[in-house]
Each structure stands twice: as C-alpha cells, then as structure tokens.
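S.K.: Predicted structure and sequence below. I'll ask about it afterward.
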Amino acid sequence: MSTPVRFRLKLEGTEELRAVRLRRRMNHPWESQLFFYLGQLCPVAIETAPRWRLRWKGVDLGVSYATNQRVSRMLLDGLVPSLTLTIPIFVGGLVLAVFVALICAYLRDTVVDRFFVVFSVALMSINYLVWIVGGQYLLGYRLGWFPVWGYESWRYLLLPVLIGIVRGLGADIRFYRTVMLDEMYRDYVRTAEAKGVSRAGILFRHVLKNAMVPIVTTTVIAIPFLYTGSLLLESFFGIPGLGYLGVNAINSSDVDVVRALVLIGSILYVLANLLTDVCYALVDPRVRLR
C-alpha cells in the first residue's frame with residue numbers, strides 16, 4: 001500500500017523508512033497522533049525547566065512529505081495566486097449576475113427576460129471542462145488572444161477569470177432573478193405602484209434592499225472558497241495557487257498539506273456562517289443582535 005513516507009523516500013522496508021515513520025509518529029496509536037497534531041496547532045507551549053512557564057511558539061502545520069518544506073510557507077506562497085484568480089471571478093460574477101437579474105425583474109415577462117432565462121439555462125448546461133478546454137483551444141490556441149499556461153503577468157489571468165465568470169453566471173442569474181421576482185410580487189410593491197412610484201424607483205429603492213438577505217447569504221458563504229482557489233482552473237492553466245497545491249498534495253499523498261487545507265477551509269466556513277448571521281442584522285431591520 002502506498003504511504004506518504006514511501007512516496008517521499010521511494011524506499012521499501014529500510015532503516016530510513018522506519019526512522020522517518022518514528023519521527024513523524026506514524027507508528028504510534030491514532031490517539032497519540034491526534035494529541036501530537038493538536039499540540040502542533042496550539043500556539044503556546046508549556047516549559048517545565050527550570051520553572052513552569054508558557055512560551056509562544058506559533059501554529060505548526062507540519063512539513064510537506066513531498067517537498068520537505070514548511071506547510072505554512074507553501075500556503076502563503078499559494079495564497080496570492082489563488083486570490084488574484086478567485087476575487088475577480090467572485091466580484092465580477094456577483095456584479096454582473098445581480099445587474100442582469102435587475103434587468104429581468106424590471107422587464108419581467110418580456111422578450112429580454114425570456115432571453116436571459118434561456119441564456120442562463122444554456123450556461124448551466126455546459127460542463128466546466130468544456131468551458132476550460134474550449135476556451136483554451138479557441139481563444140488561446142486558434143485566435144491567440146490569451147496565454148493558456150503560466151503565471152507571469154496579469155495577462156495570464158484574463159482567460160481563466162473570463163471562463164470562471166461565464167461558468168458561474170447561469171446559476172447566479174437564475175437565483176437572483178427568482179429572488180427579485182419574488183419581491184416584485186409583494187404587497188408593498190403594489191402599494192408603491194398605487195402611490196405612483198416608478199418601477200425603477202421601486203426596484204432600486206425597495207426591492208433590491210429587501211432582496212439583500214438571500215444575496216448576502218450566498219455571497220458570504222462563498223467567501224471561504226476564495227481561499228482554496230479553483231482546482232480545475234489552476235490545474236489546467238498552471239497557476240501555482242492553493243487549488244493547484246491541493247491537487248498535487250492529493251496525488252502525492254502529502255497528508256500534512258491536505259490536512260492544513262481542510263482545516264483552514266473548515267475554520268473559514270464556520271466563521272463565514274457566523275458572519276452571515278451578523279450581516280442579517282445589517283440588511284434586515286427585523287433582525288436584532290442580542
């Protein structure tokens with residue numbers, strides 16, 4: 001059976017293999033390994049000599065089996081490429097989807113609204129890999145508009161960002177359009193129309209404000225996934241981000257790297273859920289924090 005240590009040393013039953021297993025506590029029971037890992041995560045250590053005291057040591061995420069580098073350094077090196085890819089996709093997709101959803105709500109039951117409904121369903125029906133391979137072949141190889149591999153300048157991010165935005169646009173338009181139309185049929189909208197308020201005024205002054213609750217929910221929950229980057233985009237375009245790092249770590253059975261990515265992603269997801277509840281109080285006057 002393949003193990004991280006065997007992958008690192010390419011050895012079978014040697015003294016070096018047993019020494020590394022002992023140093024990494026892989027021969028210990030699972031509870032001993034668990035407490036050892038929790039001790040690594042604890043930022044302070046207890047010293048007993050010459051007297052009892054607490055010493056700050058920082059969080060230790062371990063050492064990569066494959067590269068023998070500190071996992072924390074590898075995560076820091078991959079964080080910037082991931083964020084430069086995922087933040088433009090996140091912001092651009094959100095702004096564009098909300099804008100199109102507002103147009104659909106303003107022109108509901110018209111040709112424009114039906115066109116965007118069909119358009120969003122068509123975008124959702126195309127597989128992510130088709131977008132990536134088709135975009136690389138057509139826009140990169142055939143037309144030569146964009147580079148398709150590497151991370152040397154901002155030009156290398158244009159095509160993956162464009163593909164990421166287009167790929168997620170269909171589902172976002174459908175969701176935000178449904179939210180906007182649900183609000184457009186509320187009683188307060190009919191009251192505002194009876195008072196002579198224009199449709200644009202109703203849409204931007206009242207509907208958008210009340211539709212912020214589900215929008216905030218989906219937006220804040222998506223923030224932790226910016227940290228891990230896009231596995232497929234980074235792998236196909238050769239961007240050295242956290243998604244690319246995670247794929248390589250899984251392929252090489254690099255346990256410490258995978259464990260660190262899962263741990264930090266889980267913590268960010270929990271914090272995002274808490275932040276969502278706090279944001280409810282900001283966008284919904286019916287909610288109060290106590």
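M.R.: In hand now; what should we look at? Residues are numbered from 1 along each chain as shown.
S.K.: Show me the helices in the stretch 101-250 of the chain, by range?
M.R.: Assignment of helices within the stretch 101-250 of the chain using DSSP state H, counting those that start in this stretch yields the ranges 111-125, 128-135, 155-184, 187-194, 199-202, 208-210, 212-222, 224-228, 231-237, 242-251.
S.K.: ok so residue 253 is a strand residue?
M.R.: No: applying DSSP: H, G, I helix; E, B strand; the rest coil, one finds residue 253 to be coil, outside a strand.
S.K.: Taking the centroid of this protein, which residue is nearest it?
M.R.: Centrality entry for the chain: nearest residue to the mean C-alpha point is residue 225, 1.6 Å, by C-alpha atoms, centre = their mean.
S.K.: who are the neighbours in contact with that residue?
M.R.: Residues in contact with residue 225 (C-beta atoms under 8 Å, 6 or more residues apart in numbering) are 86, 265. From N, CA and C alone the C-beta is placed, and that goes for glycine too.
S.K.: if I look at it, how far off is residue 215?
M.R.: Separation of residue 225 from residue 215 (C-beta to C-beta, to the nearest Å): 17 Å.
S.K.: got it, and residue 176?
M.R.: 7 Å.
S.K.: if you count what's nearby, which of the two comes out ahead?
M.R.: Between residue 176 and residue 215, counted using other C-beta atoms under 10 Å, residue 176 has the larger neighbour count: 24 against 20.
S.K.: need the contact list for that one.
M.R.: Contacts of residue 176 (C-beta under 8 Å, 6+ apart): 97-98, 100-101, 211, 215.
S.K.: Without its sequence neighbours, what residue ends up closest to it?
M.R.: Once flanking residues are discounted, residue 176 sits nearest to residue 101: 3.5 Å by C-beta to C-beta, 6 or more residues apart in numbering.
S.K.: my guess is that neighbour contacts residue 180, does it?
M.R.: Yes: with contact defined as C-beta atoms under 8 Å, residue 101 and residue 180 form a contacting pair (5.1 Å).
S.K.: Output stretch 236-255 as CSV, nothing but the C-alphas.
M.R.: This file holds the C-alpha atoms of stretch 236-255, laid out as CSV (Å, rounded to 0.1, in the frame of the first residue of the first chain):
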residue,chain,number,x,y,z
PHE,A,236,-5.4,23.5,-16.4
PHE,A,237,-3.8,26.9,-16.6
GLY,A,238,-0.7,26.2,-14.5
ILE,A,239,-1.5,28.8,-11.8
PRO,A,240,0.5,28.0,-8.6
GLY,A,241,-2.3,28.6,-6.2
LEU,A,242,-3.8,26.7,-3.4
GLY,A,243,-6.1,24.6,-5.7
TYR,A,244,-3.0,23.5,-7.7
LEU,A,245,-1.2,22.8,-4.4
GLY,A,246,-4.1,20.7,-3.2
VAL,A,247,-4.3,18.6,-6.3
ASN,A,248,-0.6,17.9,-6.2
ALA,A,249,-0.8,17.1,-2.5
ILE,A,250,-3.6,14.6,-3.1
ASN,A,251,-1.8,12.9,-6.0
SER,A,252,1.4,12.6,-3.9
SER,A,253,-0.4,11.6,-0.6
ASP,A,254,1.0,14.6,1.1
VAL,A,255,-1.1,14.3,4.3
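S.K.: Would you indicate which residues of it are buried?
M.R.: Of all the residues in stretch 236-255, those buried under the rule 16 or more other C-beta atoms under 10 Å are 236-237, 239-246, 248-249, 252-255.
S.K.: and what of stretch 123-133?
M.R.: So, applying 16+ other C-beta under 10 Å, buried residues of stretch 123-133: 123, 131-132.
S.K.: average model confidence for it?
M.R.: Averaged over stretch 123-133, pLDDT sits at 90.
S.K.: outside of it, which residues touch it?
M.R.: Under C-beta under 8 Å, 6+ apart, the answer for stretch 123-133 is 163, 166-167, 169-171, 173-174, 232-233, 236.
S.K.: Dump the residues you listed into JSON lines; add distance to residue 272 and pLDDT as well.
M.R.: Listed next are the contacts of stretch 123-133 as JSON lines, based on distance: C-beta to C-beta, whole Å; pLDDT from 0 to 100:
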{"residue": "163", "distance to residue 272": "25", "pLDDT": "93"}
{"residue": "166", "distance to residue 272": "25", "pLDDT": "92"}
{"residue": "167", "distance to residue 272": "22", "pLDDT": "89"}
{"residue": "169", "distance to residue 272": "22", "pLDDT": "91"}
{"residue": "170", "distance to residue 272": "24", "pLDDT": "90"}
{"residue": "171", "distance to residue 272": "19", "pLDDT": "89"}
{"residue": "173", "distance to residue 272": "23", "pLDDT": "91"}
{"residue": "174", "distance to residue 272": "23", "pLDDT": "91"}
{"residue": "232", "distance to residue 272": "22", "pLDDT": "86"}
{"residue": "233", "distance to residue 272": "21", "pLDDT": "89"}
{"residue": "236", "distance to residue 272": "27", "pLDDT": "90"}
